[in-house]
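> Structure for the following, please:
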Amino acid sequence: MDMSGKTVLITGASRGIGAEAGRVFAAAGANVVLAARSEDEISVLAAEIGPSALAVRCDVSRYEDVAGAVQMAVRHFGSLDVVINNAGVIEPISHLATADPEGWSKAIDINLKGVFFGMRAAVPAMREQGGTIITISSGAASNPIEAWSHYCSSKAGAAMLTRCLHLEEQIHGLRVMGLSPGTVATQMQREIKTSGINPVSQLNWEDHIPADWPARALLWMCSADADEFLGEEISLRQDAIRKRAGLV
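Okay, here's the model as predicted:
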């Protein structure tokens with residue numbers, strides 16, 4: 001798919017799915033805005049990609065940071081065509097009875113409010129020319145998982161935000177979808193493994209899909225071939241979706 005002349009903003013771009021998405025979209029010709037709290041890591045990635053990449057320090061739990069990243073994308077590359085709300089955390093993994101209220105709230109700030117901030121900042125900048133907004137979701141959005149009350153709740157909320165945005169903005173030409181990638185071989189899975197709690201932590205490393213699979217699926221979701229899924233959540237657990245995205 002040719003993304004030449006398009007600008008893509010990716011949150012949580014310092015590692016995992018976000019970093020791979022930066023590489024995949026850049027390889028397709030896009031300008032990529034790599035947004036994350038880890039300034040050193042995204043600067044290294046931007047240098048690897050080249051002039052088509054811009055590293056922007058951004059804490060998605062702060063609206064002013066997200067709005068600033070959107071403004072920098074438009075100012076530096078002239079437009080904003082795709083936003084991937086990818087930033088998310090799994091820590092602190094804890095049962096409800098012993099959960100740290102501050103840590104629980106911080107996860108909501110990143111996983112849920114961060115998605116809202118991304119949408120709120122991007123929509124006014126994207127309405128005139130249209131574009132695509134994708135939320136990285138999870139099976140945890142619809143299934144309770146032991147010691148993941150913060151993650152399940154925030155992902156469920158983010159999935160509903162995605163549906164609300166589609167309802168309100170499809171008339172303005174915005175394409176809105178969610179991607180549930182399944183378990184991915186990233187640092188988050190190492191943190192889950194370390195916790196030793198619930199069946200997900202018992203999975204072997206080879207059970208997880210590589211991070212470039214969801215990254216490549218995100219690229220496919222920006223094409224007209226994915227239009228039938230607008231307003232919905234796509235799951236990479238489905239073989240049919242993997243085939244459509246060119247992953248098998």
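
> And the spatially most central residue of the chain, how far from P181?
The centre of the chain sits closest to N86, judged by C-alpha atoms, centre = their mean, with a distance of 1.8 Å. Applying C-beta to C-beta, to the nearest Å, the value for N86 to P181 is 10 Å. Bear in mind the C-beta positions are built from the backbone N, C-alpha and C, glycine included.

> what is in contact with these two at once?
I17, I136 (C-beta atoms under 8 Å, 6 or more residues apart in numbering).

> The closest residue to S138 other than its chain neighbours: which element?
For S138, ignoring the flanking residues on the chain, the nearest one in space by C-beta to C-beta, 6 or more residues apart in numbering is K155 at 4.6 Å. Element membership for K155 (DSSP states H and E) is helix 149-169.

> pLDDT averaged over that helix - what is it?
Average pLDDT, helix 149-169: 97.

> got a list of what S52 touches?
A26, G29, A30, N31, V32.

> same deal with G50?
A26.

> ok, now Q238?
If you count contacts by C-beta under 8 Å, 6+ apart, Q238 has none.

> what's the distance between it and E128?
Look at Q238 and E128: by C-beta to C-beta, they are 34 Å apart.

> Got phi/psi on the closest residue to R57 other than its chain neighbours?
The spatially closest residue to R57, leaving aside those adjacent along the chain, is E39, at 4.4 Å (C-beta to C-beta, 6+ apart). Here the main-chain torsion angles of E39 (degrees, to the nearest 10) amount to phi -60, psi -40.

> was I right about E39 contacting A55?
Yes - the criterion here is C-beta atoms under 8 Å, and E39 meets it with A55 at 7.0 Å.

> Neighbour count for the two, which is higher?
Shown here are E39 and A55; by other C-beta atoms under 10 Å, A55 has more neighbours (24 against 13).

> Report whether the more buried one is found in a strand, as I expect.
Yes - counting by DSSP: H, G, I helix; E, B strand; the rest coil, A55 falls inside a strand.

> which ones are touching it?
By C-beta under 8 Å, 6+ apart, the contact set of A55 is L34, E39, I42, S43, L45, A46.

> Can you tell me which of those is nearest I136?
L34 (15.2 Å; C-beta to C-beta).

> And for that closest one, the neighbour number?
30.

> Tell me what angle the worst-scoring helix or strand of the chain on mean pLDDT forms with helix 149-169.
Averaged element by element with mean pLDDT, DSSP states H and E, the chain has its least confident helix or strand at helix 187-195 (a mean of 91). Helix 187-195 runs at 150 degrees relative to helix 149-169, counting by axes from the mean of the first three to the mean of the last three C-alpha atoms, to 10 degrees.

> Other residues contacting helix 187-195?
So helix 187-195 is contacted by 15-16, 88-91, 93, 147, 183, 200-201, 203, 205, 208 (C-beta under 8 Å, 6+ apart).

> so which pair among these is furthest apart in space?
Maximum distance among the contacts of helix 187-195 (C-beta to C-beta): 22.9 Å, for R15 and A147.

> neighbour-wise, which of the two wins?
A147 (21 against 17).

> Could you give the backbone dihedrals for the nearest residue to that one once chain neighbours are set aside?
Leaving aside its chain neighbours, A147 sits nearest to I197 (4.5 Å; criterion: C-beta to C-beta, 6+ apart). I197 adopts backbone torsions of phi -110, psi 140, taken as degrees, to the nearest 10.

> I197 is in contact with Y151, isn't it?
No - using C-beta under 8 Å, I197 makes no contact with Y151, being 11.9 Å away.

> Compare the two (neighbour count), which wins?
Y151 (24 against 16).
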